[in-house]
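Undergrad: sequence and predicted structure below; questions after.
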Amino acid sequence: MLNNQGRPTRPNTSEQDNSATNTFTGNKALELETPLIFEQGVPGRLGVDMTEPKKVSSRLGNTARSKPIGLPDLSEPQVLRHFVRLSRQNYSIDSGFYPLGSCTMKHNPRINEKVARLAGLGDLHPMQPVSTVQGALELIDDLAHWLKTITGMPAVAMSPAAGAHGELCGVMAIRAAHEAKGEARKRILVPESAHGTNPATAALCGYKVESVPAREDGRMDLEAFSEKLGPDVAGVMLTNPNTCGLFENDVKKIADMVHEVGAYFYCDGANLNAILGRVRPGDLGVDAMHINLHKTFSTPHGGGGPGSGPVVLSEALAAFAPIPFVTHGENGFDLVEHVEGEASNSFGRMKAYHGQMGMFIRALAYMQSHGADGLRQIAEDAVLNANYIRVGLNDMLHSPFDGICMHEALFDDSSLKDTGVTTLDLAKAMIDEGYHPMTMYFPLVVHGAMLIEPTESESRETLDQFIGAMRYLLNKARDGEATYFAQAPHFAPRRRLDETGAARNPILRWTPEEDDPQSDRTLSAAS
Ligand SMILES: *Cc1c(COP(=O)(O)O)cnc(C)c1O
């Protein structure tokens, strides 16, 4: 039986409906189908047995609730099972291959987690007096040192909480630097292939965003770029390696051109994994670059966070870095928290406290456990793995750009032409095969793009199986099985979702069914 939101809520007892794929319970083996937690609640059921509190007189005045808040009444095992079951429905890097391009879904070594949970780190509070957190400040300073050394940059702002937040930090520093010179520049140039956060950041900072086309070979078109450059350009935001998985070979020339007109070079560093220990962005003329600690240096991500996006800065921008930052004071480490003294050029604060401490710990543990040689090996293996996939599929899937790739392999949908199967269909069929789909329809410069990033932490066996599964599906598509793809996924509990409907008309609040015996419960305050 389906509820008013299309979910099965009761055992399926209709005999007609007992086809091979239907079960009495709705469960599929150990994949359990249980009602929403609100539907499970039974009025009066309790998980604890507490004595009736003594009569107290409320001191809440008219802010006291007049109605129950509408939480379901449940026993402890019900609550436990509910949330354990939900947690098992998460697909994660801990459960399987997650080739989501541009996201660097690599294994998170357990040593990071162990270190982050040490009481001396895990129990810290950001408002503790500086004298009691000298070790934590030293850790932030150590990590800053590694980041500066890896990138060859003189300064780093540690507080940004994600890649996009780091972009905001970098562009705010660029804006502050221009303002300090009394210049009001208007435009920021962004290549067509850029991640959406790049133009969004520039626009948020009040700049007009101008898009620069890509060349045939997937790199930024230098001629078009030079035509757009001018004295009113504040900066360029370039990703390197770019989102086509290619190294921008002309990057030094680009940096020189940018500096010639007095603009700054923002580099989106989300793809640092591909060049760790091989290329230092500081040597390429970069002025500001965020580092997604949660991508390049492991630390769990996906599902919305947390992230951490420190921004390395050139000499020209260092003075405009946000507060707070760690300094070496007379009595050990200190925190600069106000825009005055040595921070007088700072553009201000962009986050409460000092950054994502838990991520700092994990990233530093990751760096130190790999060592300098290990970090370099990461980039080499990440590039090798991506090329292994590229070569394993390139007789069946078309690569829009020739030659070897960096850490991710990019394909377009031209090989699917005439099959009636789209990139989206193929991705849905991958779910049936047990894979999180690759990044789709990004970068925008490639039609029906499929961006596959295996990362260095996958074994050859995993890659072989993935290539095998992709080849099997591509053969199926060629054999005219478009209907199979149009209906995929066949084995996912909710089958094919109406994604447009979910985005346009999301149902975020549960309401009791009309015929539900519990529908008289007050749920108005449930959310
Ligand atoms: C992930 C990513 C970002 C944004 O980083 P978040 O940490 O998700 O905010 C920006 N640019 C590129 C190329 C990325 O891959």
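TA: Sure thing, it's come through.

Undergrad: contacts, neighbours, all on C-alpha from now
TA: OK.

Undergrad: now do the contacts for the residue of the stretch 401-527 of the chain found nearest the ligand.
TA: Closest approach of the stretch 401-527 of the chain to the ligand (Cα to the nearest ligand atom) occurs at Pro443, with a separation of 9.5 Å. Taking Cα atoms under 8 Å, 6 or more residues apart in numbering, we find Pro443 in contact with 193-195, 243-244, 449, 451.

Undergrad: can you rerun that using 10 Å?
TA: By Cα atoms under 10 Å, 6 or more residues apart in numbering, the contact set of Pro443 is 101-102, 192-196, 242-245, 410, 449-451.

Undergrad: kindly report the same for Ala234.
TA: If a contact means Cα under 10 Å, 6+ apart, then Ala234 has 171, 174-175, 177-178, 183-189, 202, 207-208, 258, 261-265 as its contacts.

Undergrad: same thing but at 8 Å, please
TA: Contacts for Ala234 were tallied using Cα under 8 Å, 6+ apart; they are 174-175, 178, 185-188, 262-264.

Undergrad: the contacts of Pro443 also near the ligand: which ones?
TA: Restricting these to those near the ligand by Cα under 6 Å from any ligand atom leaves 102, 195, 243.

Undergrad: which among those residues gets closest to the ligand?
TA: Nearest to the ligand among these is Ser102, at 4.1 Å by Cα to the nearest ligand atom.

Undergrad: Ala144 belongs to a helix?
TA: Yes - counting by DSSP: H, G, I helix; E, B strand; the rest coil, Ala144 falls inside a helix.

Undergrad: where's the residue of the chain most remote from its centre relative to the ligand, distance?
TA: Largest separation from the mean C-alpha position in the chain: Lys55, at 50.2 Å (Cα atoms, centre = their mean). According to Cα to the nearest ligand atom, to the nearest Å, Lys55 and the ligand sit 51 Å apart.

Undergrad: element containing that residue?
TA: Taking DSSP states H and E as the definition, one finds Lys55 inside no helix or strand.

Undergrad: remind me, longest strand of this protein?
TA: strand 233-239 (DSSP state E).

Undergrad: going by neighbour count, which residues of the next helix or strand after that strand are buried?
TA: Downstream of strand 233-239, the first helix or strand assigned by DSSP H and E is helix 251-260. Neighbour-count burial for helix 251-260 flags 251, 254-259 (criterion: 16 or more other Cα atoms under 10 Å).

Undergrad: okay, those residues in a markdown table with distance to Glu337 and pLDDT next?
TA: Formatted as a markdown table, these follow (distance: Cα to Cα, whole Å; pLDDT from 0 to 100):
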| residue | distance to Glu337 | pLDDT |
| --- | --- | --- |
| Val251 | 36 | 97 |
| Ile254 | 36 | 97 |
| Ala255 | 33 | 98 |
| Asp256 | 35 | 98 |
| Met257 | 36 | 98 |
| Val258 | 33 | 98 |
| His259 | 31 | 98 |
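
Undergrad: could you dump stretch 481-491 to CSV, C-alpha only?
TA: Written as CSV, here are the backbone C-alpha positions of stretch 481-491 (Å, rounded to 0.1, in the frame of the first residue of the first chain):
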residue,chain,number,x,y,z
GLU,A,481,18.1,-2.0,-25.5
ALA,A,482,17.1,1.6,-25.0
THR,A,483,14.0,0.6,-23.1
TYR,A,484,16.2,-1.2,-20.5
PHE,A,485,18.1,2.1,-20.0
ALA,A,486,15.1,4.3,-20.0
GLN,A,487,13.7,2.3,-17.1
ALA,A,488,16.9,1.9,-15.1
PRO,A,489,17.7,1.6,-12.3
HIS,A,490,15.8,-1.6,-12.0
PHE,A,491,17.1,-2.7,-8.6
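
Undergrad: for it, give the mean pLDDT please.
TA: Confidence for stretch 481-491, expressed as mean pLDDT, is 96.

Undergrad: swap in stretch 212-227?
TA: 96.

Undergrad: which outside residues touch that stretch?
TA: When contacts are defined by Cα under 8 Å, 6+ apart, stretch 212-227 is touched by residues 189-193, 242, 244, 246-249, 254, 257, 401-402, 445.

Undergrad: so, low pLDDT: which residues of the stretch 301-450 of the chain?
TA: Within the stretch 301-450 of the chain, the segments meeting pLDDT under 70 span 304-305.

Undergrad: and it, which residues reach the ligand?
TA: Contact residues (Cα under 6 Å from any ligand atom) of the stretch 301-450 of the chain with the ligand: Gly307.
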